[in-house]
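>>> I would like the atomic coordinates for the input below:
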Amino acid sequence: MKNKNTAAALIGLSVGYFLAQPAHALSGPDSIEIDGGPFGSIQVSGGVDGMGYYYTGAGNKVNAGLVGDKSNGAQVSNYLFTVQKTTGVLQATVSVGATGYYSLGTTPIAATSGYLSPLYEGYVSIVPNANFTFSAGEIPSQEGYEALPDWSNANSLASLLYYTENTVSRGFLVTYDNTAGTINATVEFGDGYRTGVFNYLQFLAGYTFANSSYIDVYGGLNLGRSGPNTVGAYGAILPYNAGEYNSSMIGAYYGGYTLGANLSLVPEVQFQYTKADSLLGIAKESQNLGFLLLADYSFGVTPYSIGGFVEYATSQGPSQTWYIGPDASAVGVSVAPTWQFKNLFARADLGYIYLTNNKADGVSYGYGANGNQKGQFTGVLEAGALF
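Numbering: from 1, shown residues only. Below you'll find the model as predicted:
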């Protein structure tokens, strides 16, 4: 899952651009440009946000259930600052700080630099011409439309598809863009999910249509075995999360599609698979499948917009690491009215998830003190500043 105690190898289809193509609910102001002397022009940008949240379905001290025994709280969600040199043959990007996230139906993850280290991203790029870029360091991965930090998305809450995706890894990549700007392709090799084991190959190939909509195909494959002695940013591998450390994924989304001037729609599909591996304690193969429709509506030239998504996700097999539980199926919805004035933003997010299946091997699980409730509401109030 992204920025969480897990690691997965992925194969996927996606829509996006090089390194990430997030949903655009919030508009960041122009970056601050400073004179870097012999290094040339340098851009500085960043942001900070926090949230208060409340959710139903909490457990108690005896039975914590799926989301623990705490039903409300507040946290700093993200504080991230980026310095970039984007001109010349030698370029660089450094992002420091911490990110957190909150996927619907799960517990929130606060901004903690310890998940990845204070260096969130840091890579050097060689750009010999307009068509090719070569980068190495701590680099973003290729999968998924949603992105960190959460102000890149139309919702405060993230989907279950996002929950199992990678965020950053250490390695190198090569990107190609044709002169017309219609074709892009990236090949990346590294330690996917920062496992410390360099056996993870990714690719992304995309096409942009005349109406500015686009479709990308991305993929990743664990070329060996991550574990059982893997120790990286997320600690030693355990049987509980071995499935994601050694999984593959395939998915697709179509971006940039609009209805009228104000409504943007992004459909996405994603499939993840882990083969059986007795050495890692994976007795049987396991997989999950998810469908997601993201929407973002802007109210003209006003400071208001509204984001939302509907999703369906299902898993099969013994792994509990995909999202909710073994053999889980769930439907979810999130709606996030948003206000933004220049550098400041605030939004509310209301979400509901319902487990269409919460039983495996005759044993039920779920929300609440009894551990068998199928439904859960989540409410979030978020505010932040960007520069």
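>>> where along the stretch 201-350 of the chain do the helices fall?
Read by DSSP state H, counting those that start in this stretch, the stretch 201-350 of the chain holds these helices, from start to end of the chain: 242-245.
>>> any stretches of it with poor pLDDT?
Applying pLDDT under 70 to the stretch 201-350 of the chain picks out residues 228-241, 318-321.
>>> strands of that one, start to end?
Using DSSP state E, counting those that start in this stretch, the strands of the stretch 201-350 of the chain run over 214-222, 231-232, 235-236, 248-255, 257-259, 263-274, 286-298, 304-316, 329-341, 344-357.
>>> in contact with residue 160, which residues?
Shown in contact with residue 160 (Cβ atoms under 8 Å, 6 or more residues apart in numbering): 103-105, 290, 311, 313, 323-324, 330, 332. (Glycine included, C-beta is placed from N, CA and C.)
>>> with distance to residue 367 added, can I get the residues you listed in TSV?
Formatted as TSV, these follow (distance: Cβ to Cβ, whole Å):
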residue	distance to residue 367
103	14
104	12
105	8
290	20
311	17
313	16
323	13
324	9
330	11
332	13
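>>> only the buried subset of these, as a ChimeraX command please.
A single ChimeraX command selects the buried members of these (16 or more other Cβ atoms under 10 Å):
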select :103,104,105,290,311,313,323,324,330,332
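>>> pick the one among the contacts of residue 160 closest to residue 155.
Among these, residue 104 lies closest to residue 155 (Cβ to Cβ), at 8.7 Å.
>>> quick check, that closest one in contact with residue 379.
No - counting by Cβ atoms under 8 Å, residue 104 stays clear of residue 379, with 11.5 Å between them.
>>> hey, what's in contact with both of these two?
Joint contacts of residue 104 and residue 379 (Cβ under 8 Å, 6+ apart) are residue 351.
>>> residue 349: neighbour count?
Counted with other Cβ atoms under 10 Å, residues neighbouring residue 349 total 25.
>>> that should have said residue 84, apologies.
So residue 84, with other Cβ under 10 Å, has 17 neighbours.
>>> just the CA trace of the helix or strand containing it, in PDB.
When elements are defined using DSSP states H and E, residue 84 is found to belong to strand 72-85. Coordinates of each C-alpha in strand 72-85 appear next as PDB, following Å, rounded to 0.1, in the frame of the first residue of the first chain:
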ATOM      1  CA  ASN A  72     -12.200  10.500  16.400                       C
ATOM      2  CA  GLY A  73      -9.000  12.600  16.400                       C
ATOM      3  CA  ALA A  74      -6.900  15.200  14.600                       C
ATOM      4  CA  GLN A  75      -3.600  15.000  12.900                       C
ATOM      5  CA  VAL A  76      -1.100  16.900  10.700                       C
ATOM      6  CA  SER A  77      -1.600  15.100   7.400                       C
ATOM      7  CA  ASN A  78       1.200  16.500   5.200                       C
ATOM      8  CA  TYR A  79       4.100  18.900   5.300                       C
ATOM      9  CA  LEU A  80       6.200  18.700   2.200                       C
ATOM     10  CA  PHE A  81       8.700  21.100   0.600                       C
ATOM     11  CA  THR A  82      10.200  20.700  -2.800                       C
ATOM     12  CA  VAL A  83      13.200  22.300  -4.500                       C
ATOM     13  CA  GLN A  84      13.600  21.700  -8.200                       C
ATOM     14  CA  LYS A  85      16.000  22.700 -11.000                       C
END
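>>> so for it, what gets flagged as buried?
Across strand 72-85, burial judged by 16+ other Cβ under 10 Å covers 77-80, 82-85.
>>> may I have the residues that are in contact with residue 378?
By Cβ under 8 Å, 6+ apart, the residues touching residue 378 are 53-56, 102, 104-105, 157, 349-353.
>>> out of the residues you listed, which is most surrounded?
Counting neighbours by other Cβ under 10 Å, the top entry in the contacts of residue 378 is residue 157, with 32 neighbours.
>>> how about the nearest residue to residue 81, chain neighbours excluded?
Distances taken as Cβ to Cβ, 6 or more residues apart in numbering put residue 46 closest to residue 81, at 3.7 Å, once the chain neighbours are dropped.
>>> quick one: mean pLDDT over the helix or strand containing that neighbour.
Using DSSP H and E, residue 46 sits within strand 41-55. Taken as a whole, strand 41-55 has an average pLDDT of 94.
>>> direction included, what does that strand pair up with?
Partners of strand 41-55 in the sheet, by DSSP bridges, are strand 32-35 (antiparallel), strand 72-85 (antiparallel), strand 375-386 (antiparallel).
>>> how far does that strand sit from its chain's centre?
15 Å (Cα atoms, centre = their mean, to the nearest Å).
>>> what do you get for stretch 161-178?
Relative to its chain's centre, stretch 161-178 lies at 11 Å (Cα atoms, centre = their mean).
>>> got the buried residues for that stretch?
So for stretch 161-178, counting by 16+ other Cβ under 10 Å, buried means 161-171, 173-175, 177.
>>> between the two ends of that stretch, how far is it?
With Cα to Cα, to the nearest Å applied, stretch 161-178 spans 30 Å between its terminal residues.
>>> mind listing what residue 59 touches?
Counting by Cβ under 8 Å, 6+ apart, residue 59 touches 65-69, 367-369, 371.
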